[in-house]
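Chemist: kindly generate the corresponding structure for this input.
(2 chains)
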Amino acid sequence: MGAARLKIAILYGWELAALVLLAGAPVFAQAPRAPQPKFIVVLDAAHGGDDAGAALKSGQAEKSLTLAFAVKLRSLLTARGMTVLTTRDSDQAITPNQRAEIANRAQAQACLSLHFSDTGSGVHLFVSDLPAAPSGHFLPWKTAQSAWVNRSLALTGEFNSALQHASLPITLGRTALAGIDSMACPAVAIEIAPERTPGSVAVKSALNDPNYQSRVAEALAAALLVWRTEARP
Amino acid sequence: MIPRHQTFLFVLLLLASVGMGAMLWQMRERAHQRLLEGEDSAPTQAPAVTPAQEITLLAANDSDGSMQPQAHTLPLPADPGARARAILGKLLDLYAAPGAVHPVPGGAASITQVFFLPAQPLYASAPAKPASSARPAASPSTISAPSSSAETSSGASGSALADPSSTQSAVPSEPTTPQLAVINLTGAFANNHPSGLEAETLTILSLCATLHANLPRVTQVRFLVDGQPRPTLAGHADLTRTYLTSDTAGVAGSQP
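Modeler: Next comes the predicted model:
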């Protein structure tokens, strides 16, 4: 019995070796490359629940517009291959700390806090006014953004360029916003105001104008595409 | 027949009633006279006040998100708290006026009190490096925050305004000990303030910058509403933060 097995092994040994080599070739060819890191964007639709935000002249609450805009922007970013997380998908109350927790857990490459206002004109871009600080293993919760301020300013630069390319009025500023200040990611607060005729208070594009919202969303998506390219080595 | 003692008692009571009536009438006349004299003693001349002094207000503008210095003259009290309250009240009067470019209802009565404490160090961080890529390519409007960070005014590309501290003349020479100013606002002011990141930020920054421009010792500002801490001014700008005013000298506004 043992002699028979040995005879078979000798007879078919070369064939088995050849099979293994042939099977191995495609295995090495199809070896999975290193997975590309996900580009994660966190969209924070401001307010929600009992916190209605600003009562806008159109009669809508700010919380409704921010949620609708977040949904619109999410679809644009998803179509461009980005992973999008939203802090809320419905009319629910979320504290600033919870918003920051969601952003920090995601380890996102961009965090956008979305707001609407009747005041001013065009798009207002705000970065935390915390002074920049070196990054460390442990960041104070209330000033975590200080380690990311320079990246946030760089991200604001991308938004600024894209919005200018879309011929939208822009205001840049620094502010103290509780949710943003605790985010450990490049974070920008974006406030959308009606587009007004330069030098006048006449409204050119209202807040609830879908075309206006689309222009802003497209510009933001374009800026994030550039940001993704720069963020990857 | 009426007994004699009863007749005597009746006459006595009658005389007493007449006497008391006369006294009452006289007292009424005296009170009336005092009232008239009180009216006459009302001041016919304005009380002596301190001479008007020049102050600088950093007035916000919603249309471009800028703050522009405005020179005003105002009689200022000697007490620093009352002086600060008068200056900030003048700024809020501008915002409450019809046609204001940064409309906020309330006016001077919105500030209940301003008091001062020794300033404390806040951030023990390395000096910030400006992020060159964040600088605007063209010339968008810029809101400069009262932060000590180096990026504060990096985005300003318009005409830089004069150092507000150099334009003020209302402040006598004082020691240079840094101070924390605590501004106590009324609840009505916060409740009626327009809600929005830009509007709230501009109000806070203009209050801080105006205070620093006229009282250079003030390097930090905190806010209370009805004597209590409040999370936000009107839903956005953080009011629990200590705001730094030391770098507001570079406040600049530019047209888009």
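Chemist: alpha carbons only for contacts and neighbour counts from here, please
Modeler: Will do.
Chemist: any chance you could map the strands in the chain?
Modeler: No chain specified, so I'll use chain A. Per DSSP state E, chain A carries strands over the ranges A:40-45, A:83-86, A:110-116, A:123-128, A:170-175, A:187-192, A:195-196, A:203-205.
Chemist: ah, no, chain B please
Modeler: Using DSSP E, strands in chain B cover B:52-61, B:66-75, B:111-118, B:141-143, B:179-185, B:218-225, B:243-244.
Chemist: if you average pLDDT over each of these, which is lowest?
Modeler: Lowest mean pLDDT of the strands of chain B: strand B:141-143, a mean of 58.
Chemist: how close does the spatially most central residue of chain A get to A:Thr66?
Modeler: In chain A, the residue lying closest to the centroid (C-alpha atoms, centre = their mean) is A:Val41, at 1.9 Å. Here A:Val41 is placed at a distance of 16 Å from A:Thr66 (C-alpha to C-alpha, to the nearest Å).
Chemist: how about the residues of chain A by chain B?
Modeler: For chain A, the contact set with chain B under C-alpha under 8 Å from any C-alpha of the partner chain comprises A:53-55, A:115-121, A:124, A:129-134, A:150-151, A:153-158, A:160-161, A:169-178, A:191, A:201.
Chemist: swap in 7 Å and give it another go.
Modeler: A:53-54, A:117, A:119-121, A:129-134, A:150, A:153-157, A:160-161, A:169-178, A:191 (C-alpha under 7 Å from any C-alpha of the partner chain).
Chemist: what sits closest to A:Leu220 if chain neighbours are left out?
Modeler: Closest residue to A:Leu220 apart from its sequence neighbours, by C-alpha to C-alpha, 6 or more residues apart in numbering or on different chains: A:Phe159 at 6.1 Å.
Chemist: likewise B:Ala96?
Modeler: In this structure, B:Ala96 finds its nearest non-sequential neighbour in B:Pro105, 4.8 Å apart by C-alpha to C-alpha, 6+ apart.
Chemist: how about the contacts made by the one you found?
Modeler: B:Pro105 sits next to B:Tyr95, B:Ala96, B:Phe189, B:Asn192, B:His193 when contact means C-alpha atoms under 7 Å, 6 or more residues apart in numbering or on different chains.
Chemist: and the residue lying closest to B:Leu202 once chain neighbours are set aside, how many neighbours does it have?
Modeler: Distance criterion C-alpha to C-alpha, 6+ apart; nearest residue to B:Leu202, sequence neighbours excluded, is B:Ala60 at 6.0 Å. Using other C-alpha atoms under 10 Å in any protein chain shown, B:Ala60 has 29 neighbouring residues.
Chemist: just confirm B:Ala60 contacts B:Pro69, I think it does.
Modeler: No: using C-alpha atoms under 7 Å as the test, B:Ala60 is too far from B:Pro69 to be in contact (8.9 Å).
Chemist: let's see stretch B:25-40 as CSV, backbone CA atoms only.
Modeler: Backbone C-alpha positions of stretch B:25-40 (Å, rounded to 0.1, in the frame of the first residue of the first chain) are rendered in CSV as follows:
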residue,chain,number,x,y,z
TRP,B,25,-56.7,123.2,57.2
GLN,B,26,-53.5,124.9,58.2
MET,B,27,-51.5,121.7,57.7
ARG,B,28,-53.0,121.2,54.3
GLU,B,29,-52.0,124.7,53.3
ARG,B,30,-48.4,124.1,54.6
ALA,B,31,-48.1,120.9,52.6
HIS,B,32,-49.4,122.6,49.5
GLN,B,33,-46.9,125.3,50.0
ARG,B,34,-44.1,122.8,50.5
LEU,B,35,-45.1,121.1,47.2
LEU,B,36,-45.0,124.4,45.4
GLU,B,37,-41.7,125.3,46.9
GLY,B,38,-40.4,121.8,45.8
GLU,B,39,-41.4,122.6,42.2
ASP,B,40,-39.7,125.9,42.4
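Chemist: about what we covered before: any idea how far A:Lys72 is from the residue nearest to the centre of chain A?
Modeler: 14 Å.
Chemist: list the contacts of stretch A:121-136.
Modeler: By C-alpha under 7 Å, 6+ apart, the surrounding residues in contact with stretch A:121-136 are A:146-147, A:149-150, A:152-153, A:156, A:168-177, A:180-181, A:187-196, B:63, B:125-126, B:128, B:145, B:147-149.
Chemist: give the contact list for B:Pro118.
Modeler: Shown in contact with B:Pro118 (C-alpha under 7 Å, 6+ apart): B:Pro178, B:Gln179, B:Leu180.
Chemist: which of the residues you listed lies closest to chain A?
Modeler: Ranked by distance to chain A (C-alpha to the nearest C-alpha), the contacts of B:Pro118 are led by B:Leu180 at 17.9 Å.
Chemist: which residues touch the closest one?
Modeler: The neighbours of B:Leu180, taking C-alpha under 7 Å, 6+ apart as the test, are B:Phe116, B:Leu117, B:Pro118, B:Ala119, B:Val218, B:Thr219, B:Gln220, B:Val221.
Chemist: swap the cut-off to 8 Å and go again
Modeler: Contact analysis of B:Leu180 by C-alpha atoms under 8 Å, 6 or more residues apart in numbering or on different chains lists B:Phe116, B:Leu117, B:Pro118, B:Ala119, B:Gln120, B:Val218, B:Thr219, B:Gln220, B:Val221, B:Arg222.
Chemist: same check, this time on A:Ala93
Modeler: Counting by C-alpha under 8 Å, 6+ apart, A:Ala93 touches A:His47, A:Gly48, A:Gly49, A:Asp50, A:Asp51.
Chemist: before we move on, the earlier item: turn the contacts of B:Pro118 into JSON lines, columns for distance to B:Leu9.
Modeler: Listed next are these as JSON lines, based on distance: C-alpha to C-alpha, whole Å:
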{"residue": "B:Pro178", "distance to B:Leu9": "83"}
{"residue": "B:Gln179", "distance to B:Leu9": "80"}
{"residue": "B:Leu180", "distance to B:Leu9": "79"}
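Chemist: among these, which one lies nearest to B:Ile2?
Modeler: Using C-alpha to C-alpha, B:Leu180 comes nearest to B:Ile2 of these, at 89.1 Å.
Chemist: for the closest one, which residues make a bridge with it?
Modeler: Per DSSP bridges, the residues bridged to B:Leu180 are B:Leu117, B:Gln220.
Chemist: what ranges of chain A fall below the confidence cut-off?
Modeler: Applying pLDDT under 70 to chain A flags the ranges A:1-36, A:232-233.
Chemist: any idea how many residues pack against B:Gly81?
Modeler: 17.
Chemist: oh sorry, the question was meant for A:Phe138
Modeler: 7.
Chemist: so it versus A:Ala144, what's the distance?
Modeler: Taking C-alpha to C-alpha, one finds A:Phe138 at 9 Å from A:Ala144.
Chemist: and if you look at A:Gly179?
Modeler: Using C-alpha to C-alpha, A:Gly179 is found at 10 Å from A:Ala144.
Chemist: do the same with A:Ala133
Modeler: Between A:Ala133 and A:Ala144 the distance is 9 Å, computed by C-alpha to C-alpha.
Chemist: check B:Ala199 too.
Modeler: According to C-alpha to C-alpha, B:Ala199 stands 25 Å off from A:Ala144.
Chemist: repeat for A:Ser113
Modeler: With distances taken as C-alpha to C-alpha, A:Ser113 is found 16 Å from A:Ala144.
Chemist: ok, back up a step: just the buried residues of the residues of chain A next to chain B.
Modeler: Using 16 or more other C-alpha atoms under 10 Å in any protein chain shown as the burial test, those include A:53-54, A:117, A:119-121, A:129-133, A:150, A:153-157, A:160-161, A:169-178, A:191 as buried.
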